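Trainee: Kindly generate the corresponding structure for this input.
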Amino acid sequence: MTAGVARTLTLSSDGFWISPYVFACYVALREKAARFEVKEVKLQAGEQRSPEYRATTWTGRVPALTDGDFALTESIAILEYLEETFAPPAHARLFPADVKTKARARQLMSWLRSDATAPIRAERSAEVIFYERPLPPLTPAALAAVDKMKELLGHFVSSDDGLLPGALRGYAETQWRRPSVAEWVGHPRAADFVPYG
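Mentor: Numbers count the residues shown, from 1 in each chain. Now for the predicted structure:
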């Protein structure tokens with residue numbers, strides 16, 4: 001995209017604003033200083049299965065990014081599209097410039113969304129960040145996945161001992177203070193979460 005050209009994109013989000021995948025795209029759009037609006041899709045009501053939504057998104061999932069007559073789902077695909085469409089240096093960089101470091105970033109993103117981390121997502125879904133409820137301790141399978149995650153993240157951020165190693169905790173806390181992230185976190189949410197089913 002040429003700097004200075006105005007265009008408005010649409011990001012389809014879950015209605016409760018808890019999806020980590022929508023969150024990644026929202027933050028990317030803010031970091032790119034792109035003009036966009038958010039369209040809430042009521043997943044609990046099955047709006048993602050409507051013929052109209054599936055006709056444009058193909059997969060019937062969120063996030064979905066609409067750019068004119070083009071719609072795209074899957075957060076990694078959306079992030080890569082934004083990086084190329086709102087390209088550096090005119091816009092903030094989402095991925096490292098170095099080819100090998102960029103490949104490592106994509107490796108980490110893919111792994112975090114893989115079956116290897118499924119036990120964590122199953123036992124600590126994103127809804128618990130915004131909607132508190134009593135939670136049992138993590139199962140051995142989830143704890144093993146956490147250990148593997150800490151091991152892998154240690155290659156990216158130097159770490160020490162503890163449930164969340166100090167260096168990783170510091171990195172995470174720094175990211176939570178970014179204005180784009182704080183905006184997502186501070187967005188008003190419905191008082192009660194209704195499972196999507």
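
Trainee: Can you give me every residue that contacts the closest residue to residue 194 other than its chain neighbours?
Mentor: Excluding the flanking residues, the one nearest residue 194 by CB to CB, 6 or more residues apart in numbering is residue 44, at 4.3 Å. Quick note: C-beta positions are derived from backbone N, CA and C, even for glycine. Contact partners of residue 44, counting by CB atoms under 8 Å, 6 or more residues apart in numbering, are 15, 194, 195, 196, 197.

Trainee: Check for me that residue 44 belongs to a strand.
Mentor: No - using DSSP: H, G, I helix; E, B strand; the rest coil, the secondary structure at residue 44 is helix, not a strand.

Trainee: Poorly predicted segments of this protein, please.
Mentor: For the chain, the stretches flagged by pLDDT under 70 are 1-6, 158-166, 197.

Trainee: Just the helices from it, written as ranges.
Mentor: All helices of the chain, identified by DSSP state H, fall at 20-31, 51-57, 75-85, 99-112, 118-123, 127-130, 140-153, 166-176, 179-185.

Trainee: Go through the third one and flag the buried ones.
Mentor: Using 16 or more other CB atoms under 10 Å as the test for burial, helix 75-85 gives 75, 78, 79, 80, 81, 82, 83, 85.

Trainee: Could you dump these into CSV with distance to residue 29 added?
Mentor: Shown next, in CSV, are the buried residues of helix 75-85 (distance: CB to CB, whole Å):
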residue, distance to residue 29
75, 12
78, 9
79, 10
80, 13
81, 11
82, 7
83, 11
85, 11
